[in-house]
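A.B. asks: Just need the structure, nothing else, for what follows:
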Amino acid sequence: MKYVIVTGGSRGIGRAICKKLAEETDYHILINYHSNETAALETLAEVRAAGSNGEIIKFDVGQADEVKKALSQWEESHPDALVEVVVNNAGLTRDGLFMWMPLQDWNDVIQTSVGGFYHVTNHFIQKLLHNRYGRIINIVSVSGVKGTAGQTNYSAAKAAVIGATKALAQEIAKRNITVNAVAPGFINTDMTSNLDQKELKKLIPANRFGEAEEVADLVAFLASKKSSYITGEVININGGIYS
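C.D. replies: Next up, the predicted model:
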């Protein structure tokens, strides 16, 4: 049984990715969530409605012990399961000007994005190498590419994952494992619902926010065999705001 794991899969871009992968691939979908079980179950229902199947798994990507325990227990109860695709989507924002940023806000954001990438990817990497096939897809952000005022912590975290993407891609390309990053701009989700769309649209050449489904389309392509010669890339999906 082949699986894809999507961290932070219960809402927003994560949910759209789970649904799209259910529609376009043969993978079972392992939906990670941190606290909102109801939302995770709603995502699972959408996955099943799309003709696939999967399950939900609870852990905080930023907590090493929690990740290891949850994934090890899952593997023990699914001895025939093979995770071929890892989508590191879980993220956290604690926005504020750097001069007033508490250490906790800095650490939490770094730990979720950078620590989360390490904990989840590292858990599966040896099996991917052994099987000589895999796809690792890291959801970053325009903030990690160009930097965003008021998001020094988030920009730093996503930039770190971009660096990790490029380095890891070079280490494992010979084993038919690709590592790519997807950098969304302004996308219609819960995370952006409080932003002033009318003003921000003026900055976007496409003159609109993107949809989570558009990001999911790109992820589904990168998760497929069609993308086998693309690795170490950061693909911007932002309506031209930074390209």
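A.B. asks: After the lowest-mean-pLDDT helix or strand in the chain, which helix or strand is next?
C.D. replies: Ranked by mean pLDDT, DSSP states H and E, the weakest helix or strand in the chain is helix 197-201, scoring a mean of 83. Downstream of helix 197-201, the next assigned helix or strand under DSSP states H and E is strand 210-211.
A.B. asks: So which elements touch that following strand?
C.D. replies: If you count contacts as 3 or more Cβ pairs under 8 Å, 6 or more residues apart in numbering; DSSP states H and E, strand 210-211 packs onto strand 187-188. Just so you know, the C-beta spots here come from the backbone N, C-alpha and C atoms, and that holds for glycine as well.
A.B. asks: which helices and strands does the strand it packs on pack with?
C.D. replies: Applying 3+ Cβ pairs under 8 Å, 6+ apart, one finds that strand 187-188 contacts strand 210-211, helix 212-222.
A.B. asks: now what about it, what contacts it?
C.D. replies: Outside strand 187-188, the residues that touch it by Cβ atoms under 8 Å, 6 or more residues apart in numbering are 12-13, 209-212, 214-215.
A.B. asks: tell me, what residue is most central in this structure?
C.D. replies: Central residue of the chain (Cα atoms, centre = their mean): residue 89, 1.8 Å from the mean position.
A.B. asks: wait, isn't that residue in contact with residue 6?
C.D. replies: Yes - if you go by Cβ atoms under 8 Å, residue 89 and residue 6 touch, sitting 5.7 Å apart.
A.B. asks: measure the residue located most distally from the centre of the chain to residue 150 for me?
C.D. replies: In the chain, the residue that sits farthest from the middle, by Cα atoms, centre = their mean, is residue 99; the gap is 28.8 Å. Separation of residue 99 from residue 150 (Cβ to Cβ, to the nearest Å) stands at 11 Å.
A.B. asks: Please apply the same query to residue 230.
C.D. replies: Separation of residue 230 from residue 150 (Cβ to Cβ): 32 Å.
A.B. asks: Residue 225 too?
C.D. replies: For residue 225, the distance to residue 150 equals 40 Å [Cβ to Cβ].
A.B. asks: now swap in residue 46 and tell me
C.D. replies: For residue 46, the distance to residue 150 equals 33 Å [Cβ to Cβ].
A.B. asks: what about the two, which has more around it?
C.D. replies: Set residue 46 next to residue 150 and count neighbours by other Cβ atoms under 10 Å: residue 46 wins out with 18 against 14.
A.B. asks: can you pull out the helices in the chain?
C.D. replies: Secondary structure of the chain, counting by DSSP state H: helices at 12-24, 37-49, 64-77, 103-110, 116-131, 142-146, 152-172, 197-201, 212-222.
A.B. asks: Packed most tightly, which of these would that be?
C.D. replies: helix 12-24 (a mean of 25; mean count of other Cβ atoms under 10 Å).
A.B. asks: give the contact list for the residue nearest to the centre of the chain.
C.D. replies: Counting by Cβ under 8 Å, 6+ apart, residue 89 touches 6-9, 13-14, 17, 139.
A.B. asks: let's go with 10 Å and repeat that
C.D. replies: 5-9, 12-18, 32, 61, 116, 137-139, 182, 215, 219 (Cβ atoms under 10 Å, 6 or more residues apart in numbering).
A.B. asks: Now the phi/psi pair for it, please.
C.D. replies: When read as degrees, to the nearest 10, the backbone of residue 89 gives phi -110, psi -20.
A.B. asks: Brilliant, that's me finished.
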